[in-house]
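# Dropping a prediction and its sequence here:
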Amino acid sequence: MQNFDSLQTELLYYAFYFGGSVVMLVLFAIIYMAITPYDEIALIRKGSGAAALSFGGTIIGFSLPLAASAIYNTGFLPFVIWSVVAMLVQIAGYFVMVKVIGNVPEHIRLNNMAVGGLLGITGLVLGIINTGILS
């Protein structure tokens, strides 16, 4: 019976952290789409590879520290705090790249794959660094 109780507890923690991760991921996606001056989803629906690379790389980059936070934090509140920190890093990274590249909204609207790819890779790199720091 002890093993069954342990399994139930583990499944409960799994559901809690998985649900929390999905909520944080959706929240980040909503915030990210709100700060960018273009509609990623509409552009992706029209076949924009630049928007897909930019958004997809950033989402993957954000999910990495989420996973690390779930692994290395023993409480749900620290998990949430580090998830918010990871959000802020991703958002700051976007604004830095906007300054470095210049005219990013127009590049994305014109499906400039180089710019979309660089934004996505930046999000991914920031996520990798965040993950390393959390572990």
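Arrived safely, thanks for sending.
# what's the closest non-adjacent residue to residue 90?
With sequence-adjacent residues excluded and distances taken as Cβ to Cβ, 6 or more residues apart in numbering, residue 90 is closest to residue 62, at 5.3 Å. Every residue, glycine included, has its C-beta placed from N, CA and C.
# what's the answer for residue 52, then?
Per Cβ to Cβ, 6+ apart, closest to residue 52 is residue 44, 5.0 Å.
# which parts of the helix or strand that contains the one you found are buried?
If you go by DSSP states H and E, residue 44 is part of helix 40-45. Neighbour counts using 16 or more other Cβ atoms under 10 Å place 40, 43-44 of helix 40-45 among the buried residues.
# Quick one: list the elements packing against that helix.
helix 49-72 (3 or more Cβ pairs under 8 Å, 6 or more residues apart in numbering; DSSP states H and E).
# Sweet, I'm off.
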